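Colleague: what follows is a protein structure lacking sequence information:
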Ligand SMILES: O=C(O)C1=C[C@@H](OP(=O)(O)O)[C@@H](O)[C@H](O)C1
Ligand SMILES: C=C(OP(=O)(O)O)C(=O)O
């Protein structure tokens, strides 16, 4: 793709349907559980993107066989029954938080020396609290840099187990990584969470994927303590992966800002992904929502600003912030301090880029207020953050002159995003030009 693309606004409300690619979070969990299982698993509907590729490469470096078929959507994984074959590996994780957090925990189950590293930004993303919890269970995990960030070195000799307390307020991925490794520890594991746990639906997702692979756990409803029996080994299975609900948010947002109607197939109210609740935010802003058995439809209407706690669904904060540009009144997004640790500091990046588009923005340590004005033409910097590119593209579907820099950064989770956005917005039912490249 070119260095930047100008999004062409549509002339009519966008009406259409789409099925986004597989969920990144479910794909990377299913890969870990399948890799640790006894037997051969088949994952269907997987995501093929940078974040899943680095996970597959990492597992292969650990001696796990992963066969890719059906243009990346079917993955056959030969599990190791909890005994990782490789005795040493250098693993590159790009900027994938799930990959480095889940694999760091998984490699402690092996025997040998492992090192995990990523891009420059990954070296600023915290992992020290996960290392410390693993060390409480008998592991030897060290962060090479001060401040508890990657690269990470693991001298593995199997994981003993026992009781560990993990910090919950930076990233839920620490707890998810511990949970998925825990059934392969030598003794039972009890995990306790210190501080307020963020992104709770992802922990629920972890437990549900583990259960599909045959591992049962016991937990308090707020996940402050979770018990995982040892020898509760994973069993290989055929596993169907849902479309990505965070990716769906951009298409629902297109319906909201154009006053159109967009159906996302493959998701419903029972989804494993907390991010389907994004449609409830749109509903509070004035959209109508329809839940079908295998789809969720958003119909746009006049939009009003809302005051919303997005801690549980923070990958959709940028989408909502862009929708807020087209609403009447202020939108306040609260309780999202943890998104400063993602692909970029997302609160700061949002404040800068929303202001370019004419909004007034008040930035707080844990959130922001967006006071919309006339939406101005602007060139949007994306900070190597796929979600900056995808969410600000939605602004360009409605307003003139929105240029997205480095559109290729969407490869992290959605390499075909701009093509699929173009197809939806270029649909014969719509008379505009959609996401044409310039
Ligand atoms: O466990 C997961 O799959 C994820 C958890 C969330 O991270 P945090 O727990 O760091 O908020 C989310 O932002 C990320 O995209 C995926
Ligand atoms: C935060 C994200 O990813 P990760 O933490 O897995 O890198 C994301 O996809 O928005």
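Modeller: Received it, and whenever you're ready, just let me know what you need. Here the structure is a predicted model, which means the values were calculated and not measured. Ligands and ions are numbered 1, 2, ... in the order given.

Colleague: helix/strand/coil for the closest residue to ligand 1 within the stretch 201-350 of the chain?
Modeller: Relative to ligand 1, the nearest point of the stretch 201-350 of the chain is residue 202 (3.7 Å; C-beta to the nearest ligand atom). The way it works is simple: take the backbone N, C-alpha and C, and place the C-beta from them, glycine included. At residue 202 the chain is in helix, as set by DSSP: H, G, I helix; E, B strand; the rest coil.

Colleague: what's the burial count for it?
Modeller: 25 (other C-beta atoms under 10 Å).

Colleague: start at 58, not 1
Modeller: Noted, 58 is the first residue going forward, which turns the last one into residue 259.

Colleague: what residues are up against it?
Modeller: Contact analysis of residue 259 by C-beta atoms under 8 Å, 6 or more residues apart in numbering lists 82, 229, 230, 233, 331.

Colleague: for the stretch 308-457 of the chain, what lies in contact range of ligand 2?
Modeller: When proximity is defined by C-beta under 6 Å from any ligand atom, the stretch 308-457 of the chain lies next to ligand 2 at 372, 399, 400, 444.

Colleague: which residues sit in contact with the third one?
Modeller: With contacts defined as C-beta under 8 Å, 6+ apart, the neighbours of residue 400 are 152, 178, 440, 441, 442, 443, 444, 469.

Colleague: given the longest strand seen in the chain, what are its sheet partners and their directions?
Modeller: Longest strand in the chain, counting residues (DSSP state E): strand 206-214. Paired with strand 206-214 in the same sheet, following DSSP bridges, are strand 168-174 (antiparallel), strand 198-202 (antiparallel).

Colleague: now the last one: average pLDDT?
Modeller: Per-residue pLDDT values across strand 198-202 average out to 94.

Colleague: wouldn't residue 144 be in contact with residue 168 here?
Modeller: Yes: at 6.4 Å, residue 144 counts as touching residue 168 under the criterion of C-beta atoms under 8 Å.

Colleague: residue 350 and residue 239, how far apart?
Modeller: With distances taken as C-beta to C-beta, to the nearest Å, residue 350 is found 34 Å from residue 239.

Colleague: comparing the two, which residue is more hemmed in?
Modeller: residue 239 (27 against 7).

Colleague: return the distance of stretch 251-261 from the chain's centre.
Modeller: Relative to its chain's centre, stretch 251-261 lies at 14 Å (C-alpha atoms, centre = their mean, to the nearest Å).

Colleague: same deal with stretch 427-440?
Modeller: Stretch 427-440 sits 24 Å away from the centroid of its parent chain (C-alpha atoms, centre = their mean).

Colleague: near ligand 1 too, which of the residues of the stretch 308-457 of the chain next to ligand 2?
Modeller: Answer for these near ligand 1 (C-beta under 6 Å from any ligand atom): residue 372.

Colleague: now the residues of the stretch 308-457 of the chain next to ligand 2 as JSON lines including pLDDT and secondary structure?
Modeller: Output for those, formatted as JSON lines (pLDDT from 0 to 100; DSSP: H, G, I helix; E, B strand; the rest coil):
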{"residue": "372", "pLDDT": "98", "secondary structure": "helix"}
{"residue": "399", "pLDDT": "97", "secondary structure": "coil"}
{"residue": "400", "pLDDT": "97", "secondary structure": "coil"}
{"residue": "444", "pLDDT": "98", "secondary structure": "helix"}
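
Colleague: selecting buried members of the residues of the stretch 308-457 of the chain next to ligand 2 in ChimeraX, what would you type?
Modeller: Selection of buried members from these for ChimeraX, criterion 16 or more other C-beta atoms under 10 Å:
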select :372,399,400,444
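
Colleague: which pair of the residues of the stretch 308-457 of the chain next to ligand 2 spans the longest distance?
Modeller: 372 and 400 (10.3 Å; C-beta to C-beta).

Colleague: list residues touching both of the two?
Modeller: residue 444.

Colleague: tell me the spacing between residue 277 and residue 107.
Modeller: 35 Å.

Colleague: cool, residue 67 as well?
Modeller: 29 Å.

Colleague: now do residue 392
Modeller: Taking C-beta to C-beta, one finds residue 392 at 29 Å from residue 107.

Colleague: what about residue 328, helix or strand, and which?
Modeller: Per DSSP states H and E, residue 328 falls between elements, in no helix or strand.
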